[in-house]
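Enquirer: sequence isn't available, so here's the structure alone:
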Ligand code: NAD
């Protein structure tokens with residue numbers, strides 16, 4: 001109940017009682033609006049451990065209230081480190097019981113992509129708002145079911161595209177969307193790093209591995225945000241690997257694609273697990289916006305004829321900023337900045353790129 005409606009209830013009780021004293025019991029029975037939302041992280045791997053949990057120590061509008069893990073030793077470590085009560089610690093078998101826990105307002109799914117749909121749907125059915133890491137899921141159909149589950153339960157869904165909350169990304173988008181350098185003529189971007197692991201989920205197709213789902217969504221986001229448009233087709237695409245012993249059965253270590261946007265604008269994008277690469281050049285009528293890096297945790301920066309784009313901050317401010325934005329949208333009942341529909345758009349393009357690479361043909365979107 002909002003403070004306003006609490007006041008209205010109190011007001012009408014006062015009027016009804018014509019001066020009678022209201023029992024404190026009656027007032028306490030109306031739940032107060034929370035100052036901070038309680039977040040439960042599902043999956044305590046690298047991103048939760050190194051970025052999200054530290055970021056949740058900096059957030060103003062949400063805090064680390066609970067964890068969901070299949071590894072009892074992790075539960076012990078996290079419990080001590082972050083002072084998490086036993087009643088807020090779940091495993092994958094008793095996760096559904098989170099429905100009865102008022103400390104948890106938001107479930108943040110930080111699992112391998114093949115598990116995103118299952119846990120997003122379970123969290124929504126448990127009555128929790130949901131944040132889900134990128135890539136949203138493995139297929140467009142999974143994304144659609146996740147959106148539907150949150151709608152059906154009247155819960156909000158956000159995807160962890162931290163860059164959309166980031167000031168330097170917002171600045172290049174402002175220049176593009178307001179045509180401050182005229183129209184976009186073409187775009188080129190590349191997102192990659194050298195991943196030497198051999199049997200991680202990123203190298204396992206069934207778990208959502210392959211570069212296209214993982215780093216590919218950054219290259220796709222760059223092309224969509226950098227042109228300010230939605231692609232009409234994948235003109236061509238090619239996947240490859242220099243390490244077939246790691247990226248087996250045609251799983252992509254590297255992918256390149258040309259996307260066609262309205263007005264004949266072409267974006268050449270590249271993504272790789274075999275190369276450290278992180279830049280985007282947006283060629284506009286009156287000059288180039290050159291971002292490098294454009295998708296790092298800190299140090300995102302660029303140059304354009306309008307000046308430097310370089311608002312500094314330190315890791316993990318980006319993640320804290322994203323979660324605070326999303327917590328405020330929930331508390332104020334505003335649309336999420338990066339809703340499920342935004343994750344779905346990228347997965348549709350991932351599928352089209354893989355289809356184009358497989359068939360050697362262009363694929364309409
Ligand atoms: P990770 O492998 O380090 O962690 C995955 C976690 O899932 C582990 O705790 C693991 O124990 C758990 N898990 C449960 N069941 C599993 C199973 N069947 N197989 C494998 N692991 C299982 O991965 P990560 O790097 O933390 O990535 C998790 C999610 O976060 C992915 O969706 C990834 O794309 C995303 N991520 C996002 C960013 C970002 O910048 N937004 C950065 C890194 C990772």
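Expert: Perfect, thanks for sending it. The shown structure was predicted, so the numbers you read here are calculated from the model rather than taken from an experiment.

Enquirer: can you tell me how far the nearest residue to residue 174 once chain neighbours are set aside is from the ligand?
Expert: Closest residue to residue 174 apart from its sequence neighbours, by CB to CB, 6 or more residues apart in numbering: residue 180 at 7.6 Å. Every C-beta, even on glycine, is put in place using the N, C-alpha and C of the backbone. Residue 180 sits 28 Å away from the ligand, taking CB to the nearest ligand atom, to the nearest Å as the criterion.

Enquirer: residue 180: how many residues sit nearby?
Expert: Residue 180 is flanked by 15 other residues according to other CB atoms under 10 Å.

Enquirer: could you measure it against residue 159, distance?
Expert: 28 Å (CB to CB, to the nearest Å).

Enquirer: same check, this time on residue 252
Expert: From residue 252 to residue 159 the distance is 22 Å (CB to CB).

Enquirer: settle it for me: which of those two has more neighbours?
Expert: With neighbours defined as other CB under 10 Å, residue 252 and residue 159 compare such that residue 159 has more, 30 against 26.

Enquirer: the more buried one and residue 132 touch, don't they?
Expert: Yes - under the criterion of CB atoms under 8 Å, residue 159 makes contact with residue 132 at 5.7 Å.

Enquirer: could you tell me which residues touch both of these two?
Expert: Counting by CB atoms under 8 Å, 6 or more residues apart in numbering, the residues touching both residue 159 and residue 132 are 340, 343.

Enquirer: residue contacts, the residue in the stretch 51-200 of the chain positioned nearest to the ligand?
Expert: Closest approach between the stretch 51-200 of the chain and the ligand, counting by CB to the nearest ligand atom: residue 133, at 3.6 Å. Applying CB under 8 Å, 6+ apart, we find residue 133 in contact with 47, 108, 109, 110, 111, 116, 159, 160.

Enquirer: tell me which of those fall in helices.
Expert: Judged by DSSP state H, the contacts of residue 133 include residue 116 as members of helices.

Enquirer: give me the subset of the contacts of residue 133 lying in strands.
Expert: In strands, defined here by DSSP state E, the members of the contacts of residue 133 are 108, 109, 159.

Enquirer: dump these to a markdown table, plus distance to the ligand.
Expert: Converted to a markdown table, the ones in strands among the contacts of residue 133 look like this (distance: CB to the nearest ligand atom, whole Å):
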| residue | distance to the ligand |
| --- | --- |
| 108 | 10 |
| 109 | 8 |
| 159 | 9 |
